[in-house]
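Chemist: sharing a sequence plus its predicted fold:
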Amino acid sequence: MAPPAPAPPANSPHTATVAGVPVDTRHWIGGRRVPSASGATFTDHSPLDGTPLAEIARGGADDARAAVAAAREAFPAWAATAPAERARLLHAVADGVQARIEDLAVVETADNGALLRSHRRGVMPRVVHNLRYFADRLLALSHDDFVTRGHTHHVSWDPAGPAVLITPWNAPLMLASWKIAPALAAGNTVVLKPAEWTPLTASLFAGIAHEAGLPAGVLNVLQGYGPEAGAPLVADPGVRRISFTGSVPTARRIAAAAAGHLVPCSFELGGKSPLLVFADADPELAADLAVEQYDNAGQVCLAATRILVEESARDAFLGHFLDRVRKLTPGDPRDEATDVGPAIHPRHVERVDGFVRRALDAGAKAVTGGGRNHALGGNHYLPTLLTDVAQDSEIVQEEVFGPVLTLQTFPDGDEDEAVRLADDTRFGLAATLVTGDRERARRVAARLVAGTVWVNCFFVRDLSAPFGGSRESGIGREGGDWSFDFYCDLKNTVTAPEGWARHG
Ligand code: NAD
């Protein structure tokens, strides 16, 4: 993703005021703000109007090495810290985030363009919840001993070592905290590499964690581009876990690097999830759920972007859907009334538009939208629904990651065909089905290939549930104790009975 940007002068200021909030944009390594070893920075722009927000430390191999070294140095003491104390510190960090929700929300909106009201009321409170949940879950982990043939087996959840966490730009701090919380709770130290398009809230979070009392080196934040800062991190022999959320091509590169040291990876990747609407569904509910897919300008990995409707329900569904689309308010994400904000970056808008133009050239029809929102300009893209699309076409098979849905039908009463179309991509992140028949829901859900299936609902995510994708949507599951499975090395200690002698 790194453009060939000229390196700014070594003495670039590393502090910025974004939406009235001061942010120090150097790396956070070993409990200190440090510039890049090279002195280089890059410019972070706002998706709201393209204005430069801040100069960010541009990490490279030397900085990555320093960040992993700091995490390694801090690891033994943090791993040996009593779980109750680790949990207390995570709750203290959660308190710090809670106190700064407004600052974090306004900065995140300036940086990634998602709705301010959802950052204030949904996303940042969820960051707090992520931290508290895994702090509490740590204390509830089972350490039950069991005895076989007189020998006691003690299973312990040992921290694995320094973990590298790499996150995308669509939900920056939410996704970072969903990894940081279980990694730290488990007793690992962390190097976080936030996405280069949204570096700011990670810098704020580092300061909050420090003020809450997190020891130096336990959490490190390395800023920079993927190929320059992320690549050396994931290849570092000192790293024992890699948790990555992002695109499939990047996951392949990370997996190849991790193979060098056999480092376990958790991958949460892209999707092309179906929304199945059966003729027995409540059409209002089906339309509500379909329009929800435009949230965050469609930049949601879980978005159900392929609408599959039973033939006889098509017209009713479409009528309700278009009614709702007409009521959507595109605009400035800082306004309470806005429903659809801008996409993240001009290059991303170009990519989204490329998918749509190629689909239209291939014969698709735009029932609504179909291009940029010229009235608003900038990164605004019209909520789009395309019909007349072939199952094997690019627009049906590839993740667009924008406000672009397709509509296909399946023959009345043909559940097999509905499932065949739903499952016919290389992804398997999620699936949503809308039906009034609970027996059908059970039957169809059992046949779908997806990490999460929602029936008559969407985006309900409980932290106790496993989360992840099948096929090319990911490897592994996080959430609940599955997170601890990943971040820990389970150890079984077998102790002989008192007075037992092997030959006695
Ligand atoms: P991306 O893969 O381009 O980048 C993600 C992160 O990887 C960034 O921090 C980037 O700097 C870093 N990176 C890039 N190259 C790297 C390398 N060689 N080594 C190490 N790190 C490197 O993805 P993106 O465009 O930022 O995010 C969009 C993608 O993320 C979409 O495919 C979306 O579906 C996916 N996503 C998945 C989930 C999920 O939970 N499954 C959630 C959100 C987003």
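Modeler: Here it is on my side, so go on.
Chemist: low-confidence regions, the chain specifically.
Modeler: 1-13, 502-504 (pLDDT under 70).
Chemist: how does it look with 80?
Modeler: By pLDDT under 80, the weakly predicted segments of the chain are 1-13, 501-504.
Chemist: can you give me the domain boundaries for it?
Modeler: 15-269+469-491, 274-455 (automatic domain parsing).
Chemist: out of those domains, which gets nearest to residue 498?
Modeler: Between residue 498 and the domains of the chain, the shortest gap by CB to CB is with domain 15-269+469-491, which sits at 9.4 Å. Quick note: C-beta positions are derived from backbone N, CA and C, even for glycine.
Chemist: quick check: end-to-end length of the closest one?
Modeler: 45 Å (CA to CA, to the nearest Å).
Chemist: does any bit of stretch 193-210 sit next to the ligand?
Modeler: Yes. Residues of stretch 193-210 contacting the ligand under CB under 6 Å from any ligand atom: 193, 195, 196.
Chemist: now neighbour count and secondary structure too, for those, in CSV please.
Modeler: As requested, these are arranged in CSV below (neighbours: other CB atoms under 10 Å; DSSP: H, G, I helix; E, B strand; the rest coil):
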residue, neighbour count, secondary structure
193, 29, strand
195, 25, coil
196, 23, coil
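Chemist: could those residues go into TSV alongside distance to residue 273?
Modeler: As requested, the residues of stretch 193-210 next to the ligand are arranged in TSV below (distance: CB to CB, whole Å):
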residue	distance to residue 273
193	27
195	22
196	26
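Chemist: which strand or helix spans the residue of the stretch 301-450 of the chain found nearest the ligand?
Modeler: Distance from the ligand to each residue of the stretch 301-450 of the chain (CB to the nearest ligand atom) is smallest for residue 301, at 3.2 Å. Assigning secondary structure by DSSP states H and E places residue 301 outside every helix and strand.
Chemist: if we can go back for a sec, nearest to residue 499, out of the domains of the chain?
Modeler: In terms of CB to CB, the element of these nearest to residue 499 is domain 15-269+469-491, at 10.3 Å.
Chemist: show me which of the residues of stretch 193-210 next to the ligand is closest to the ligand.
Modeler: residue 195 (3.9 Å).
Chemist: what about the closest one, distance to residue 202?
Modeler: From residue 195 across to residue 202, the span is 9 Å (CB to CB, to the nearest Å).
Chemist: can you classify residue 244 by secondary structure?
Modeler: strand (DSSP: H, G, I helix; E, B strand; the rest coil).
Chemist: does it touch residue 263 like I think?
Modeler: No. Assessed by CB atoms under 8 Å, residue 244 is found out of contact with residue 263, at 11.2 Å.
Chemist: what does the stretch 401-504 of the chain have sitting close to the ligand?
Modeler: 401, 429, 469, 474.
Chemist: in strands, which of those residues fall?
Modeler: Using DSSP state E, the members of those that fall within strands are residue 474.
Chemist: tell me how many other residues crowd the residue of the stretch 301-450 of the chain closest to the ligand.
Modeler: Other residues near residue 301 number 24, with proximity taken as other CB atoms under 10 Å.
Chemist: how about it, nearest residue that isn't a chain neighbour?
Modeler: Computed as CB to CB, 6 or more residues apart in numbering, the closest residue to residue 301 that is not its neighbour in sequence is residue 271, at 5.2 Å.
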